[in-house]
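In: Pasting the sequence and the predicted coordinates here, then a few questions.
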Amino acid sequence: MSNVQSDQAWGALKSVAAEEREARMGQRYKELAALSQEEMLSRMTAMVRAEYDLPDAELSAFTLSRLRTWLTLGRDTALKVEACYDAAMREMPGPADMRRVSLVQTLFRDFSREDQERLFELMPNAFGGLKLALQASRLRGGPPPVKAAAPAKRGWWPFRR
């Protein structure tokens, strides 16, 4: 299968019902995990390009399906697939990676606590310091901390109070 066909097939999943899309994604990811690292990266890059060509609303649904699918894969397969996905994202322009992180951090709040922990394990690069903030808030039993506003600057004149 060439990259163009892979792109078209992957992008076409946007118009499929979520259950069927997730089943097809799972099948595709399992097939990719069986390939050599080089071939897996080549195909994953083509898939990522097709994915990030989608409009925001479709990308959001697509990303949610992708995350749900990763949670259904075995641990080793999921880690291998996500590592390859992360490497493919490095081939993309910066704004695409920013879209990815923003979407993942937004959508992950809809997952159960157990699934959130698994997503943290699978995708540490997509969460940065968010995991630490959430863990601290769970220990305190409250919402994540809000960054305090910077104190007002004083004027340059030393006699002003």
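Out: Perfect, I can see it now. Numbers count the residues shown, from 1 in each chain.
In: Let me know the secondary structure of the closest residue to Met25 other than its chain neighbours.
Out: Ranked by C-beta to C-beta, 6 or more residues apart in numbering and with sequence neighbours excluded, the top spatial neighbour of Met25 is Thr69, at 4.2 Å. C-beta: built from backbone N, CA, C; applies to glycine. Following DSSP: H, G, I helix; E, B strand; the rest coil, the label given to Thr69 is helix.
In: Please name the residues that touch Thr69.
Out: Contacts for Thr69 (C-beta atoms under 8 Å, 6 or more residues apart in numbering) come out as Glu22, Met25, Gly26, Tyr29.
In: Select only the buried ones of those in PyMOL?
Out: This is the PyMOL syntax for the buried subset of these, where burial follows 16 or more other C-beta atoms under 10 Å:
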select buried, resi 22+25+26+29
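In: what two of the contacts of Thr69 have the greatest distance between them?
Out: For those, the maximum inter-member distance is 10.3 Å, found between Glu22 and Tyr29 (C-beta to C-beta).
In: Please identify the helix or strand for the residue nearest to Val16 when sequence neighbours are not counted.
Out: Leaving aside its chain neighbours, Val16 sits nearest to Arg24 (7.0 Å; criterion: C-beta to C-beta, 6+ apart). Using DSSP states H and E, the element containing Arg24 is helix 18-33.
In: And that helix, what's buried?
Out: Going by neighbour count (16+ other C-beta under 10 Å), the buried part of helix 18-33 is Arg21, Glu22, Arg24, Met25, Gly26, Arg28, Tyr29, Leu32, Ala33.
In: May I see those arranged in JSON lines, with pLDDT as well?
Out: Formatted as JSON lines, the buried residues of helix 18-33 follow (pLDDT from 0 to 100):
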{"residue": "Arg21", "pLDDT": "95"}
{"residue": "Glu22", "pLDDT": "96"}
{"residue": "Arg24", "pLDDT": "95"}
{"residue": "Met25", "pLDDT": "95"}
{"residue": "Gly26", "pLDDT": "96"}
{"residue": "Arg28", "pLDDT": "95"}
{"residue": "Tyr29", "pLDDT": "95"}
{"residue": "Leu32", "pLDDT": "94"}
{"residue": "Ala33", "pLDDT": "94"}
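In: Fine by me, thanks again.
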